[in-house]
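J.: The following block contains a protein sequence and its predicted model.
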Amino acid sequence: MSVKMYIESNKDRFIEELFSLIRIPSVSAKQENKQDMAACAARWVELLLASGADKAEVMPTAGNPVVYGEKILSPEAKTVLVYAHYDVMPAEPLELWKSKPFEPEIREGRIWARGADDDKGQAMMQVKGFETALKQELLGCNVKFIFEGEEEIGSTNLEAFCLAHKDLLKADVIVVSDTSMVSAETPSLTTGLRGLAYWELEVTGPNRDLHSGHFGGAVANPVNILCKLMADITDDDGRITIPGFYEDVEVVSKAEREMIARIPFDEEKYKAAIGVDELFGEKGYSTLERNSCRPSFDICGIWGGYTGEGSKTVLPSKAYAKVSCRLVPHQNHAKISKLFEDYITSVAPASVKVKVTPSHGGEGYVCPIDMPAYRAAEEAVEVAFGKKPLAVRRGGSIPIISTFEQVLGIKTVLMGFGLEQNAIHSPNESCMLDFFYKGIESVAEFYRRYK
């Protein structure tokens, strides 16, 4: 039986196994879902064992548990470590979903649910691809699995887990399916990720909310101050104004910029898809360069004062913001975090008090395209999708990838099967059924080649 035939004859079971995971609301950001995290980890153990792992277990951390599994053919064989995460983003706002986020549905050739892509769908592609390769006697390497439950909240405890279990996690390469392709018509492999730095700001003015008529114009408004502080972080050319911010930024080579320019990209369709009339970014770079290999700054949330129905003439006591920077290779997130904190405290006026609280972060990552595992992935995707995949840097961040390299000394191949229209982290997340099966085929074909 061929790989395609095995997938075809088992496709309904593969879907139902994925649905059994999706129905568990493993939202790591909410304490109320703590039991769901444990239930999802336990379900993954069952699925790994059923798919052919020799052993699988739930292993504790200081936070949500890690799922570990393995299939060892020989101590002399190469070893692949498959990483994924079983936690998902909160589903809110629920009223924007066309179907219940944790009751998966198949409509219009897609799976609709929270986690359909990120990352339960893609993790299932890895596990079912492994099963297919094993059943078709294509597997020539050892395979280990490490699935965490905290990726969506910064992988807080995974580095400590890796440090404590370095021998257990020994491998020749790590394979991750948690990234996206250029488009349904243009398969690609991700060769670079941006790093991340994240902060929360609290700006305090008067010791209580004040009447804006009695005090407006005489007392600094924390919301006004916060808005100005945030607006001044980028200039009219889209450059970040924090002193020293660009000191370690990697200069993208002419050859890579030419390669990026060859990626199929329709700017008008891009704007239409997200409902904007004009794009904005750092002067001197294309849109694809700006969102993949250049750093950025964004306000992720900002609030303060009265936001209820109707009006209330108040001068608020406090204002808040959550902000982030996407970083490029060689930018250290701890260094950038300190630069940001120093900058904000130096420019904040004496009329308010500013508190900066750093949150999670991580380094960028670049994958060498001459690695045997990368070449195996490239050939495998070409078989499944009918086209040789492009090598593309992506703008997102998976901070644990650089941690793996630093702690375990292992490079990662990013073999992702998502699409931008899958709306991960948003209402109505989905995954194309066709991509789900092609992803499984790609993973099986990878194991045919990586020995």
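T.: Now that the structure is in, tell me what you want to look at.

J.: what about the residue of the chain positioned farthest from its centre, which helix or strand?
T.: Distance from the C-alpha centroid of the chain, by C-alpha atoms, centre = their mean, peaks at residue 214 (47.5 Å). Per DSSP states H and E, residue 214 falls inside helix 212-215.

J.: per-residue pLDDT, the closest residue to residue 296 other than its chain neighbours?
T.: Counting by C-beta to C-beta, 6 or more residues apart in numbering, residue 296 lies nearest to residue 326, which is 4.6 Å off, once chain neighbours are set aside. C-beta here means a position set from N, CA and C on the backbone, and glycine is covered the same way. Listed pLDDT for residue 326 reads 95.

J.: Quick check: neighbours of the helix or strand harbouring residue 326 in the sheet, parallel or antiparallel?
T.: Residue 326 belongs to strand 318-327 when assigned by DSSP H and E. Strand 318-327 pairs in its sheet with strand 195-204 (antiparallel), strand 296-304 (antiparallel), by DSSP bridges.

J.: contacting residues for residue 71?
T.: By C-beta atoms under 8 Å, 6 or more residues apart in numbering, the contact set of residue 71 is 52, 53, 54, 130, 134, 139, 142, 143, 144.

J.: Next, the contact list for the closest residue to residue 446 other than its chain neighbours, please.
T.: Excluding the flanking residues, the one nearest residue 446 by C-beta to C-beta, 6+ apart is residue 380, at 4.1 Å. Contact partners of residue 380, counting by C-beta under 8 Å, 6+ apart, are 442, 443, 444, 445, 446, 448, 449.

J.: who wins for proximity to residue 235 among the strands paired with strand 318-327?
T.: strand 296-304 (10.9 Å; C-beta to C-beta).

J.: got the CA coordinates for that closest one in CSV?
T.: Extracted in CSV, the C-alpha atoms of strand 296-304 (Å, rounded to 0.1, in the frame of the first residue of the first chain):
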residue,chain,number,x,y,z
SER,A,296,8.9,46.1,14.3
PHE,A,297,7.1,47.7,17.2
ASP,A,298,3.4,47.4,18.0
ILE,A,299,1.0,48.4,20.7
CYS,A,300,-1.0,45.2,21.3
GLY,A,301,-3.5,46.7,23.7
ILE,A,302,-4.1,50.1,25.3
TRP,A,303,-6.7,51.2,27.9
GLY,A,304,-7.5,53.6,30.7
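
J.: quick revisit: now, of the contacts of residue 71, which are buried?
T.: Among these, those classed as buried by 16 or more other C-beta atoms under 10 Å are 52, 53, 130, 134, 139, 142, 143, 144.

J.: and stretch 119-135, which residues are buried?
T.: Judged by neighbour count (16+ other C-beta under 10 Å), stretch 119-135 contains these buried residues: 119-135.

J.: Also stretch 337-355?
T.: 337, 339, 340, 341, 343, 344, 348, 352, 354.

J.: Next: stretch 376-394.
T.: Buried, per 16+ other C-beta under 10 Å, within stretch 376-394: 376-381, 383-385, 389-394.

J.: Nothing else from me, thank you.
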